[in-house]
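A.B. asks: Just the structure for this:
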Amino acid sequence: MITRLARSKIRSRAVALTLATALAVAGVVTGAPTGAAAAAGVENEGADCAVPGLPDAGSLPTNARLPDPFRKLDGTRITARSDWRCRREEIKRLAEKFVYGEKPAKPASVTGTVSRTGIGVNVSHNGRSASFSASVDLPSGSGPFPAVVVLGGFGADTATIKAAGAAVISYDPLAVGREGTPRNNKQGAFYTIYGSSSPTGVLAAWAWGVSRIIDVIEQSGGSILRADATGVTGCSRYGKGAFAVGAFDQRIALTMPIEAGSGGLAAFRAIPGESGAQPLSSAYSEQPWLGDAFGTFTGSPARLPVDTHSVVGMIAPRGLFIMDNPHIDWLAARSASVGALGGAEVYKALGAGGNITYWSDVQDGNHCATRSEWRGPLQQNIQKFLLNTGSYTGTMRIAASKSGNLAEWRDWQTPTLGDTGGDTTAPSTPGTPTASAITATSATLSWAAATDQGGSGLAGYDVHREQGTTDPRLGQSTTNSITLTGLTANTQYQVYVRARDGAGNLSGNSPVVTFTTTSTGGDTSPPTAPAGLTASGTTSTGTSLSWTASTDDTGVAGYDVLRAPGASGGTFARVGGSATTSYNDTGLAPSTAYRYQVVARDAAGNTSPPSNTVQVTTQPGSSTGGCTAVATVQNQWATGYVIQPLTITNTGSTAITGWTVTFTLPAGHTLTGSWNGAVTTSGQTVTIRNVAHNGALAPGAATTSVGFQATRPNGNTTVPSTYTCT
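C.D. replies: I've put the predicted structure just below:
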């Protein structure tokens, strides 16, 4: 448990950081400060900042240099570290408007469960509901553990993460924001809540999903996972996602994007001048990663009022470990180094130069490889930012072949930010809370208001439960009262309040109020697990499920049907519900394996254990027309190559619901990775079948989301030459 004295001394990180010596960046040079910056207790510390009106796209001037991250919208430059909180909010709003699309704040209701093997998330907002889940893999020990969220199964080495003492949360971002969808019909849990025509890109949607996972961890009580020690990682497209996650949620203590390329860390302004880099127009059209508004800037990135260096600044001063690959031109590593070097100036100004690492000086050129050069710093970053041990100092290890020159990209200088000129005085301590309207799942608290002491104005209150070692935050309020929801029945709560001012200073803790939720009026007994789940009538696009009814002391209200991709791995996510003991699942991909479970729920929302698992494989898709497959060599090197895209086009006169591409790898070649296709190999013969989101093609339509990577003997320059599509 945090002592009252220690808690009262906690400050906003922008104010508490020790003034650092300058960070030099020339070759391989380390940053200066020694202390790790803790993650914030809130998703967005600057939500209360007054932001002037944002410019319209048509009025944006052209600026070939990286915009000054320290210049506010009113034209003045910040002078104190405490000013960064609201300057960051300006950058966030600009990045949302012109690059990513809006990432909404926490929805009206977020509930879920945390176990030693998984996390379930249920979201409701404005009459719409969605659910998704993630799996948990704990390290040895008793916990509670810090955790690293791994996007899509591709990220930093999970064995090293667990060996360092952190859990691995495997998050399927496609359940929240699918790829392969048109911009006017986006799919996934985020778009179920906010609409399929939302202009928000899937990177911001993926970030929203991770934020909701953290919400559930915060509510869980901290016995398994620590809510104050979460990291995130991903590679390639999921590296773009990890970068966005860290930028848009200040509860992320350590952000670790890998080979994120265009649309990730690579400076937008630098990409057009980097030979072989994926063009912005390609990154925008390949998938709806970036927000719809970014489409007007793919040919004129110099008009953007922000660039990726400012997004790096949104992560500062928290931990950031960027891993890159200089061997594949398409990944735009030189432009990424420009973004990292520019962002490192924000870290330096905040006295946190030692909290950022950029490392592209690696030997292995394979895409998303596990590299020995990164193993040590990965473990040290986890120790520093998630375990609060060790004193690792960040480094800029930039490969000579892909080294950007920041001097060519800026016309501003990094200011020396002190504590003068900003409010560093904490508000007064709130009065003792009183609890009323206590039910099995909620309670209303009120307290005597605090007063501002330093001139920046009272911004609001944070409400914490005194529990264990982390004291989870139960809610926030801008007034001196709050109604807490999602509480556990028949449970004692000890709660205190802290005031927060406009500069992020936090007051001391109020006296604790103790109350116990009621046990009456709340059914806490779950139904029994459904049994005998079977599948029948499986076609190329659907299957019929049936099971034996569950029982419950107050009656079963319905059933949730969960589906996971493939014969193993993947995450079970809700695909529908039924009031009976049967369900028809449609819209599946031909020749694809799926696994199903069913969960019963009662009127109080209690859910049963899952049923048995049943696996189905859909029938091959029918095609009344023809198709072609054309390969584009995205990049190649002495011992390997990347095919992206493998373009599949419907050449017939009627729609098709599935396709299969077959080709032969030359002798000595080995497939090392693939995306957006179900792949099987037999010797040198490779078969790629469509997955759920890219099998249906109208006449003349094509999918460009499929690709793969292969190795070959050194000196062999061949690539597969003939692709057959049926």
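A.B. asks: my guess is residue 567 contacts residue 595, does it?
C.D. replies: Yes - if you go by C-beta atoms under 8 Å, residue 567 and residue 595 touch, sitting 7.2 Å apart. No exception for glycine: its C-beta is placed from N, CA and C like everyone else's.
A.B. asks: got any residues that touch both of those two?
C.D. replies: Shared contacts of residue 567 and residue 595, defined by C-beta atoms under 8 Å, 6 or more residues apart in numbering, comprise residue 615.
A.B. asks: between these two, which one's more packed in?
C.D. replies: Using other C-beta atoms under 10 Å, the more surrounded residue of residue 567 and residue 595 is residue 595, with 18 against 11.
A.B. asks: distance of residue 253 from residue 311?
C.D. replies: 17 Å (C-beta to C-beta, to the nearest Å).
A.B. asks: all strands of the stretch 501-650 of the chain, in order?
C.D. replies: Under the criterion DSSP state E, counting those that start in this stretch, strands of the stretch 501-650 of the chain are mapped to 513-516, 531-536, 543-548, 556-565, 573-578, 582-585, 593-602, 614-617, 627-637, 640-650.
A.B. asks: So for residue 698, which of the ones you listed sits nearest?
C.D. replies: Smallest distance to residue 698 across those (C-beta to C-beta): 6.6 Å, for strand 640-650.
A.B. asks: So what are the sheet partners of that closest one and their directions?
C.D. replies: Take DSSP bridges as the rule and strand 640-650 pairs in its sheet with strand 627-637 (antiparallel), strand 702-703 (antiparallel), strand 707-711 (antiparallel).
A.B. asks: ok, and which of these has the densest surroundings?
C.D. replies: strand 707-711 (a mean of 22; mean count of other C-beta atoms under 10 Å).
A.B. asks: residues making contact with it?
C.D. replies: The contact list for strand 707-711, computed with C-beta under 8 Å, 6+ apart, reads 366-367, 634, 639-646, 665, 669-677, 679, 686, 688.
A.B. asks: Show me what the helix or strand just after it is packed up against.
C.D. replies: Sequence-wise, the next helix or strand downstream of strand 707-711 (DSSP states H and E) is strand 723-725. Judged by 3 or more C-beta pairs under 8 Å, 6 or more residues apart in numbering; DSSP states H and E, the packing partners of strand 723-725 are strand 627-637, strand 660-664.
A.B. asks: which outside residues touch the first one?
C.D. replies: Strand 627-637 has contacts (C-beta under 8 Å, 6+ apart) with 276, 278, 327-331, 365, 641-652, 656, 659, 661, 663, 697, 707, 717, 719-720, 723-726.
A.B. asks: What segments of the stretch 251-400 of the chain are strands?
C.D. replies: 252-258, 319-323, 356-359, 395-397.
A.B. asks: For the longest one, which strands pair with it and how are they oriented?
C.D. replies: According to DSSP bridges, strand 252-258 has the following sheet partners: strand 225-235 (parallel), strand 319-323 (parallel).
A.B. asks: Quick one: residues in contact with the shortest one.
C.D. replies: When contacts are taken as C-beta under 8 Å, 6+ apart, the neighbours of strand 319-323 outside the stretch itself are 36-37, 156, 231, 246, 253-259, 265, 312, 336, 340, 343, 347, 355-360, 371, 374, 377-378, 381, 384-385, 394.
A.B. asks: Put the buried members of those into a PyMOL selection.
C.D. replies: Applied in PyMOL, the following selects the buried portion of these according to 16 or more other C-beta atoms under 10 Å:
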select buried, resi 36+37+156+231+246+253+254+255+256+257+258+259+265+312+336+340+343+347+355+356+357+358+359+360+371+374+377+378+381+384+385+394
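A.B. asks: So which of the strands of the stretch 501-650 of the chain is nearest residue 409?
C.D. replies: Taking C-beta to C-beta, strand 627-637 is the member of the strands of the stretch 501-650 of the chain nearest to residue 409, at 24.2 Å.
A.B. asks: Average pLDDT for that closest one, rounded please.
C.D. replies: When pLDDT is averaged over strand 627-637, the result is 82.
A.B. asks: Just want the angle from that strand to strand 660-664.
C.D. replies: Orientation of strand 627-637 against strand 660-664 (axes from the mean of the first three to the mean of the last three C-alpha atoms, to 10 degrees) gives an angle of 50 degrees.
A.B. asks: That's all I had, so thanks and see you.
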